[in-house]
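**Student:** Give the three-dimensional model of this entry:
(one chain, ligands or ions: 1)
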Amino acid sequence: MTSPIHVTSEIGKLNVVMLKRPGVEVENFTPEMMPRLLFDDIPYLPIAQKEHDNFADTLRDNEVEVLYLEKLAAEALDAGGPEVKATFLNQMLTESGYAAGVLHGVLKDYLSSMSTQDMVVKIMGGVRKNELDFIPRDLVSAAEEQDYPFFMDPMPNLYFTRDPAASIGDGLSINHMTFPARQRESLFMETIIEHHPRFANQGLNVWRDRHHTTRIEGGDELVLSPQVLAIGVSERTSANAIEDIAQNLFTKGSTFEKVIAIKIPHNHAMMHLDTVFTMINHDQFTVHPGILGEGGYIDTWTITQGNDGELHLQHDTDLKQVLKNALNLDDLDLIPTGGGDPLIADREQWNDGSNTLAIAPGVVVTYNRNYVSNRVLREHGLKVLEVLSSELSRGRGGPRCMSMPLVREDI
Ligand SMILES: NC(=O)NCCC[C@H](N)C(=O)O
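**Tutor:** Model prediction:
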């Protein structure tokens, strides 16, 4: 039987993927909360859902099995039984700021009274104060949070299933994410891996779990080949987390021998490596020109296992050469977002013009709004499947961000 997670490249034919259909969480907040929740606007939910269904249909039309996070999470909790559900709820409440106390009990009673699926959807969507017939009398609630509408914040970024966990070989990393707005998300993935019948007890390797203080997110983790990973040193992924996962991959029986750490600007528009760089064919990549300095300069460190058990680092500044060496290629095609025009590149990168999802070598799913980048991809011989993007793009992520590949064919 094939492993329920098997990803040895960014481009092998995609067989199984996990998505999250946007739900009430993407509109259940105020403009004031947007920066903290990592959104630039509030999507119009019915259209966002239509667009997401269009994305899922495009994948299904190309023989991809689509699984949904919200469904897997509920199935995992039901399969685990009442104790697992209670432990999950305690952990979720603890991570939402209610480790103990009256509100812990009130919220636990409220959420436990629902069916498992409704409970999962409610936790994802957020719990507003006016839903409960309860007025907290503690000082924090009275003096500091009186006007705040939520007991539990919504998790609007869940439709970016790429980030809380990342499939790597026959295993995954379950990530400790950078900002509080996203940190609870990976608890769903941990629960699925531990208790869902499709994933539990299948010998999956958790190369790095979520119980860390150093930060890593799936948008920075790219599987270039069965031996080579690229990981962004970014706003969201720290160098020490990269060293940690590299050490685990090298010593715990993975096929990976090289991790290329690529340093990208630390800002909101380019929060992950996959917002500026993706692999789309054996020898083709998208790259946002904004990450390259004069003469194409960019800092990379190729990490390997040294003889002394320490990690060995090779510093370079020529991305093309580094990739050619690591992937044993004579040449490769770095395709600039927006065709390289600085204004168009910045505009289309902002709406995830570099964030392509390869579903087979040379076949990519992209947002339709990035029409210049899409035309350039076609000019370079790619097959481009465009999906609707007006509302989904308001969350600052594209097709790669919105998908967690679980199984790809080897290439
Ligand atoms: N892999 C990705 O680049 N994901 C996009 C995440 C966007 C989300 N609003 C965030 O800031 O985390």
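**Student:** For this structure, list the residues in contact with the ligand, please.
**Tutor:** Applying CB under 6 Å from any ligand atom, we find that the chain lies next to the ligand at 38, 157, 160, 162-163, 182, 219, 271-272, 274-275, 395-397, 401. For glycine as for every other residue, the C-beta is placed from the backbone atoms N, C-alpha and C.
**Student:** In this structure, which residue sits nearest the ligand?
**Tutor:** residue 219 (2.4 Å; CB to the nearest ligand atom).
**Student:** Count the residues that sit near that residue.
**Tutor:** Look at residue 219: counted by other CB atoms under 10 Å, it has 24 neighbours.
**Student:** in the stretch 301-411 of the chain, which spans are strands?
**Tutor:** 311-318, 333-336, 357-360, 363-367, 383-387, 404-408 (DSSP state E, counting those that start in this stretch).
**Student:** Give me the contact list for the first one.
**Tutor:** Yep, that's strand 311-318 we're talking about. 243, 246-247, 250, 296-306, 322 (CB atoms under 8 Å, 6 or more residues apart in numbering).
**Student:** got the contact list for residue 392?
**Tutor:** 22, 43, 48, 51, 52, 55, 159, 367, 402.
**Student:** farthest-separated two in these?
**Tutor:** 22 and 367 (14.9 Å; CB to CB).
**Student:** So for these two, which residue has more residues nearby?
**Tutor:** For residue 22 versus residue 367, neighbours defined as other CB under 10 Å are more numerous around residue 367 (27 against 24).
**Student:** The closest residue to the more buried one other than its chain neighbours and residue 373, how far apart?
**Tutor:** Spatial nearest neighbour of residue 367, excluding adjacent residues (CB to CB, 6 or more residues apart in numbering): residue 389 at 3.6 Å. From residue 389 across to residue 373, the span is 12 Å (CB to CB, to the nearest Å).
**Student:** Please apply the same query to residue 239.
**Tutor:** 30 Å.
**Student:** Who has more neighbours out of these two?
**Tutor:** residue 373 (30 against 13).
**Student:** Just give me the longest helix of this structure.
**Tutor:** When the chain is parsed with DSSP state H, its longest helix is helix 45-61.
**Student:** That helix versus strand 383-387: what angle between them?
**Tutor:** 150 degrees (axes from the mean of the first three to the mean of the last three CA atoms, to 10 degrees).
**Student:** Name the strands paired with the following helix or strand past helix 45-61 and say parallel or antiparallel.
**Tutor:** Next along the chain after helix 45-61, taking DSSP states H and E as the criterion, comes strand 65-68. Here strand 65-68 has these sheet partners by DSSP bridges: strand 14-19 (parallel).
**Student:** For the strand it pairs with, output the C-alpha coordinates as CSV.
**Tutor:** C-alpha atoms of strand 14-19 as CSV (Å, rounded to 0.1, in the frame of the first residue of the first chain):
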residue,chain,number,x,y,z
LEU,A,14,-0.6,15.3,-8.0
ASN,A,15,-2.8,12.5,-6.8
VAL,A,16,-4.2,13.6,-3.4
VAL,A,17,-4.4,17.1,-1.9
MET,A,18,-5.9,18.7,1.2
LEU,A,19,-7.8,21.9,0.9
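**Student:** From the contacts of residue 392, pick the one nearest residue 256.
**Tutor:** Among the contacts of residue 392, and counting by CB to CB, the member closest to residue 256 is residue 402, at 25.2 Å.
**Student:** Quick check: the closest one touching residue 160?
**Tutor:** Yes - between residue 402 and residue 160 there is a contact under CB atoms under 8 Å: 6.0 Å.
**Student:** Give me the pLDDT for the residue nearest to residue 297 when sequence neighbours are not counted.
**Tutor:** Excluding its sequence neighbours, the residue lying closest to residue 297 (CB to CB, 6+ apart) is residue 317, at 4.9 Å. Looking at residue 317, its pLDDT is 97.
**Student:** where do the strands sit along the stretch 1-150 of the chain?
**Tutor:** 14-19, 65-68, 127-128, 150-152.
**Student:** Just list what the shortest one packs against, helices and strands only.
**Tutor:** Counting contacts by 3 or more CB pairs under 8 Å, 6 or more residues apart in numbering; DSSP states H and E, strand 127-128 packs against helix 102-112, strand 150-152.
**Student:** ok, residues contacting whichever helix or strand comes after the last one?
**Tutor:** Right, the one you point to is strand 150-152. Using DSSP H and E, the next helix or strand after strand 150-152 towards the C-terminus is strand 165-167. Residues outside strand 165-167 that contact it (CB under 8 Å, 6+ apart): 5-7, 172-175, 186, 189, 193, 218, 221, 223, 404-406.
**Student:** what two of these are the furthest from one another?
**Tutor:** The widest separation within these (CB to CB) is 20.4 Å, between 6 and 186.
**Student:** sorry, back to before: neighbour-wise, which one of the contacts of strand 165-167 leads?
**Tutor:** Counting by other CB under 10 Å, top hit in those: residue 175 with 31 neighbours.
**Student:** so how far is residue 364 from that residue?
**Tutor:** 24 Å.
**Student:** Kindly report the same for residue 195.
**Tutor:** The spacing between residue 195 and residue 364, counted by CB to CB, is 34 Å.
**Student:** Give me the more crowded residue out of those two.
**Tutor:** More crowded of residue 195 and residue 364, by other CB under 10 Å: residue 364, with 25 against 22.
**Student:** Quick check: nearest residue in space to the more buried one, chain neighbours excluded?
**Tutor:** Among residues not flanking residue 364 along the chain, residue 356 sits closest, at 4.2 Å (CB to CB, 6+ apart).
**Student:** so how many other residues sit close to the one you found?
**Tutor:** 31.
**Student:** quick one: contacts for it?
**Tutor:** 278, 280, 286, 364, 365, 366, 377, 398, 399, 400.
**Student:** Residue 207: which of these is nearest?
**Tutor:** residue 400 (20.0 Å).
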